[in-house]
Every structure is written in C-alpha cells, then in structure tokens.
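next one to model:
(4 chains)
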Protein chains: 2
Amino acid sequence: MTQESRPGGTRRGRRNEPGRRDTIIDACLDVLAREGVAGTSHRKVAAQAGVPLGATTYYFDGMDGLLHEAFTRFATSISDRFERRMTAAEDLDAAREAVVAIVLEDVFGDDRDLVLSHELYTLAARKPAFRAITSAWMARSRAALERHFDAETTRMLDALIEGLTIHRALDAEPRDPGEVRAAVARITRASGLQH
Amino acid sequence: MTQESRPGGTRRGRRNEPGRRDTIIDACLDVLAREGVAGTSHRKVAAQAGVPLGATTYYFDGMDGLLHEAFTRFATSISDRFERRMTAAEDLDAAREAVVAIVLEDVFGDDRDLVLSHELYTLAARKPAFRAITSAWMARSRAALERHFDAETTRMLDALIEGLTIHRALDAEPRDPGEVRAAVARITRASGLQH
DNA sequence: CCAATATGTGGACGCTCGTACACATATTGG
DNA sequence: CCAATATGTGTACGAGCGTCCACATATTGG
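Predicted coordinates for the structure are as follows:
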C-alpha cells in the first residue's frame, strides 16, 4: 500500500495517478469554455485541474499539444453523439428527425459546446494542425449522414446544420423548431437512399 | 505652415494627423487576421500602424474598445458588399445567382475575411457586447435577402450561406460551384416574392 | 537492503502584456 | 506675443505568461 511520507503536506517525487492526463485535459476544456483560447494558460489549467504548474508541461508538449488533445477529445465526443443519433434512425423520416434533434437539442442545448466549437473552428481556420481535428469530425458526420442520404444531399445538409447552429448561437431570440424541420425537409426532399 | 522643431527626430506634443484613428483600426484588422484575437496586443497594433504605443490607448478605450471598432468596420464592409450584390439582382433567378456569388467569391475568395469572421463569431459567442455587431450584420443580410425571398426562406438561406462558408473554410478540397447552386435552389424553390 | 532509475515538482528566468501618468509640444485665445 | 489649453508621447510598473531544469522522492532491480 502506498504510504505518504508527509501526509497532508506537499508531496514531491514519484507519484502514481494514472488519471492525471485525463484530469488535465478535462480541466483544459473547462478553461477553454470559460475563457476562450486567448485566456487559456498553463497556470489556469493547472489550477482548474488541481495539479502543479509543472504537470501541465510535463504531460503535454507545450500549450499547443494540450489544446490539440483537448479539442480532439471534445470533437470526438460531439461526433459520437451525432453518430449515435444517425445510426439509431431506421428510415428516412427518422433520419430527418434525427438531424432536427441534433440541431435543436445537441448543439443549441448547451452553450458550452457551442462556444467550444467556435473556438475550435477559429483555431482550425488559422492552424492546419487543428484542421485535422475538424476534418475528421466532418468526415464522421458525413459518413453518418450518408447512411440515409445521397452524397450531394449529405454535404448540403452538413452545411445547413452548421449554419443553423451558428446562427442560433448569435441570434437573440429562440428559433422556431418547425422552421428547422422545414429547412431540413427542403434540403432533403426526395434525396433519400433506399433502406 | 506646420514646422517641425526636430525634423527627422522624435516629435512630441500636439500633432495634426486626422487619419490616425483610421490607420490604427486598419492596422488592428491586419494584426487580427494574421495573429488572431489571442495574439493581438496594443504593441503589435501600434507597430503595424507605425504609431507609438501610447496612441493605441489614447484613441481607444482599452483593447476591447479597439477590437469593437475594428470588427464593426469589418462587419460593415462585408455587409455592404452583400447588400450591393442583393440589391443589384433584378429578379428571382438573379437573386439566387447573387447568393451563389456571395458564397463562392466574396467569402471564399479571401482567406483574410474568413479568418476575421471566425474570430468575430467566437468573440460574439462569448461576449454580448460583440454580439451587437453580428446581430446588426445578420439583420442587414436578412433585409437584403428579403427583397427577393419570403421571411422563412430568408432565414434558411442565411443559415445555409453561413454553413457553406464555414465548411468551405475547413474543407481541404475545393467545393463544386454547381453544388452550391443546387443547394440554393433547393432552399429557395418556389419561395420567391413577386417582383 | 541498497543503488539506480523513473517520475514529477517547485521555482526561477526572461519575456510580453495592459495601463497609467508626468511631461512635452502645437495650437489657440486674448 | 504670451499664457492657457489641447493633444499626444515616452516610459515605467506590476502582473501574467511559457518554458526549463535542478532536484526530491517513489519505485524497482539486484
């Protein structure tokens, strides 16, 4: 059993906390959501995670490395949810309704996800290294959509989802769910695959 | 006639350069496009504009004030172009084609505008003060679209434009112009106003 | 049980940052 | 022509930043 030489005091030297990296990544996402990329620093992440400053540079390759892992985790989790929704849909109408649910519930439901998405897009627009994350995310979304829609419709739909999401974020008043449904209907009209 | 006491040397005291504020705002946009909000500082803007550091705090109310004016100028100029395109269109088909041109030429044509848009959106997603800028921008775009399309279609189209733009930015390969045209056609099918 | 090693930390270094303000000079009013 | 004022600037301050590394300690191998 592990004994602490100075219980309650500052411990130095070797430790055994396997979840450390994970804790730091999650803390990084918290800070990102709260302060944005601009306001995220090693020190703030360390404080949020409850680890010493040195740990954030020890486990990750600079700030960019940390951001990369954090946003990868974020994009993957959003992507998972998207895929689950689309896979669960059994026919074309269910697929359309799944898209509506994604727009209305998944992204709009949570300010945090929305803000994080924007931060990631902005970073990706500037740094190619982060574009790999958004590309993978988009590729997965499209693959999921293509279970139900043809390739062209999929790309249009993907763009529409994005646009509806963004505008919802910047709009003051809430959007009519019926309108989202109608927009999805227009884009996907007669463009389904056989099931 | 204005005489300089120390020609070629450092000048202090009262000066008469009315374009100073403008110069600084433009320089700020340059820095923003190059380095992002995160990397923009008074010093960098001052260097870019060729003015002393003090000038950037003298003419503007802190960094936020400067950012606000810079992004206002940016959004207004994009918005002008949008409005001009839509106003020039004389019938429904021309309006559809104008939208395609906006997507393909205006936004995608210039990486700088794209990056600046993202930076602004991200800021707006986090700070309400900047949301006023994006709201005004969106309101103008919609008003311009409503010259040709009904209100519901306008909102859908606005979102679609946004989404196509964003995805174009993050996509590696160029998008087929025909597909943009097709997407616009689907959304606007039988939704025009009388002219 | 004792080296050797792996693991992690605290603190320091050099930098950039935003802001504030004493002061220098151009302009203006009398 | 001279005070008074408007206009702008140089500089300094304190804070926060990323990164680095000597070192402390837990673990392991012999």
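
drop to CA atoms for contacts and neighbour counts, all remaining ones
Will do.

can you give me the buried ones in the longest helix seen in chain A?
When chain A is scanned for its longest helix (criterion: DSSP state H), the result is helix A:62-88. Buried positions in helix A:62-88, judged by neighbour count with 16 or more other CA atoms under 10 Å in any protein chain shown: A:66-76, A:78-79, A:82-83, A:85-86.

swap in stretch A:169-185?
A:169, A:170, A:171, A:180, A:181, A:182, A:183, A:184, A:185.

and that stretch, C-alpha only, in CSV?
C-alpha atoms of stretch A:169-185 as CSV (Å, rounded to 0.1, in the frame of the first residue of the first chain):
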residue,chain,number,x,y,z
ALA,A,169,-25.7,31.0,-31.3
LEU,A,170,-25.7,34.6,-32.5
ASP,A,171,-29.4,35.1,-32.6
ALA,A,172,-31.0,36.7,-29.6
GLU,A,173,-34.5,35.1,-29.9
PRO,A,174,-35.0,31.4,-30.0
ARG,A,175,-35.6,29.8,-33.3
ASP,A,176,-38.8,28.1,-34.3
PRO,A,177,-38.3,24.3,-34.2
GLY,A,178,-40.7,24.0,-37.1
GLU,A,179,-38.5,26.1,-39.2
VAL,A,180,-35.5,23.9,-38.6
ARG,A,181,-37.7,20.9,-39.6
ALA,A,182,-38.9,22.7,-42.7
ALA,A,183,-35.3,23.6,-43.8
VAL,A,184,-34.2,20.0,-43.4
ALA,A,185,-37.2,18.9,-45.4
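
what about it and chain B, touching?
Yes - using CA under 8 Å from any CA of the partner chain, stretch A:169-185 reaches chain B at A:169, A:170, A:171, A:179, A:183.

any chance of those residues in JSON lines, plus secondary structure and pLDDT?
Converted to JSON lines, these look like this (DSSP: H, G, I helix; E, B strand; the rest coil; pLDDT from 0 to 100):
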{"residue": "A:169", "secondary structure": "helix", "pLDDT": "75"}
{"residue": "A:170", "secondary structure": "helix", "pLDDT": "78"}
{"residue": "A:171", "secondary structure": "coil", "pLDDT": "79"}
{"residue": "A:179", "secondary structure": "helix", "pLDDT": "94"}
{"residue": "A:183", "secondary structure": "helix", "pLDDT": "97"}
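
need the max-distance pair from the residues you listed.
Greatest spatial distance in the residues of stretch A:169-185 next to chain B: A:170 and A:183, 18.4 Å, computed using CA to CA.

state the distance from residue A:180 to residue A:104.
8 Å (CA to CA, to the nearest Å).

how about residue A:172?
According to CA to CA, residue A:172 stands 15 Å off from residue A:104.

which strands and helices sit next to the longest helix of chain A?
Helix A:62-88 sits against helix A:20-35, helix A:92-101, helix A:128-145, with contacts defined as 3 or more CA pairs under 8 Å, 6 or more residues apart in numbering or on different chains; DSSP states H and E.

state the mean pLDDT of stretch A:92-105.
In this model, stretch A:92-105 carries a mean pLDDT of 95.

in that stretch, which residues are buried?
So for stretch A:92-105, counting by 16+ other CA under 10 Å, buried means A:92, A:95, A:96, A:97, A:98, A:99, A:100, A:101, A:102, A:103, A:104.

got the CA positions of that stretch in PDB?
Extracted C-alpha coordinates of stretch A:92-105, given in PDB (Å, rounded to 0.1, in the frame of the first residue of the first chain):
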ATOM      1  CA  LEU A  92     -35.600   8.400 -44.000                       C
ATOM      2  CA  ASP A  93     -38.100  10.300 -41.900                       C
ATOM      3  CA  ALA A  94     -36.400   9.200 -38.700                       C
ATOM      4  CA  ALA A  95     -33.100  10.400 -40.200                       C
ATOM      5  CA  ARG A  96     -34.600  13.800 -40.900                       C
ATOM      6  CA  GLU A  97     -36.000  14.000 -37.400                       C
ATOM      7  CA  ALA A  98     -32.600  13.000 -36.000                       C
ATOM      8  CA  VAL A  99     -31.000  15.900 -37.800                       C
ATOM      9  CA  VAL A 100     -33.600  18.200 -36.400                       C
ATOM     10  CA  ALA A 101     -32.900  16.900 -32.900                       C
ATOM     11  CA  ILE A 102     -29.100  17.300 -33.400                       C
ATOM     12  CA  VAL A 103     -29.600  20.900 -34.300                       C
ATOM     13  CA  LEU A 104     -32.200  21.700 -31.600                       C
ATOM     14  CA  GLU A 105     -31.000  19.700 -28.700                       C
END
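
roughly how far out does that stretch sit from the chain middle?
With CA atoms, centre = their mean, to the nearest Å as the basis, stretch A:92-105 stands 18 Å off its chain's centre.

now stretch A:120-137
For stretch A:120-137, the distance to the chain centre is 12 Å (CA atoms, centre = their mean).

one more: stretch A:77-85?
The answer for stretch A:77-85 is 10 Å, by CA atoms, centre = their mean.

would you put the C-alpha positions of it in CSV?
Only the C-alpha atoms of stretch A:77-85 are listed here, as CSV (Å, rounded to 0.1, in the frame of the first residue of the first chain):
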residue,chain,number,x,y,z
SER,A,77,-17.4,13.3,-28.0
ILE,A,78,-19.7,15.5,-30.1
SER,A,79,-19.1,13.3,-33.1
ASP,A,80,-20.0,10.2,-31.0
ARG,A,81,-23.4,11.7,-30.2
PHE,A,82,-24.0,12.7,-33.8
GLU,A,83,-23.2,9.2,-35.0
ARG,A,84,-25.4,7.6,-32.3
ARG,A,85,-28.4,9.7,-33.4
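
can you pull the residues of chain A lying near chain B?
A:37-39, A:114-115, A:118-119, A:121-122, A:124-126, A:131, A:134-135, A:152, A:156, A:158-164, A:166-167, A:169-171, A:179, A:183, A:186-187.

those residues in strands, which ones?
Among the residues of chain A next to chain B, DSSP state E puts none in strands.

tell me the domain ranges of chain A?
Taking automatic domain parsing as the domain assignment, the ranges for chain A are A:17-60, A:68-188.
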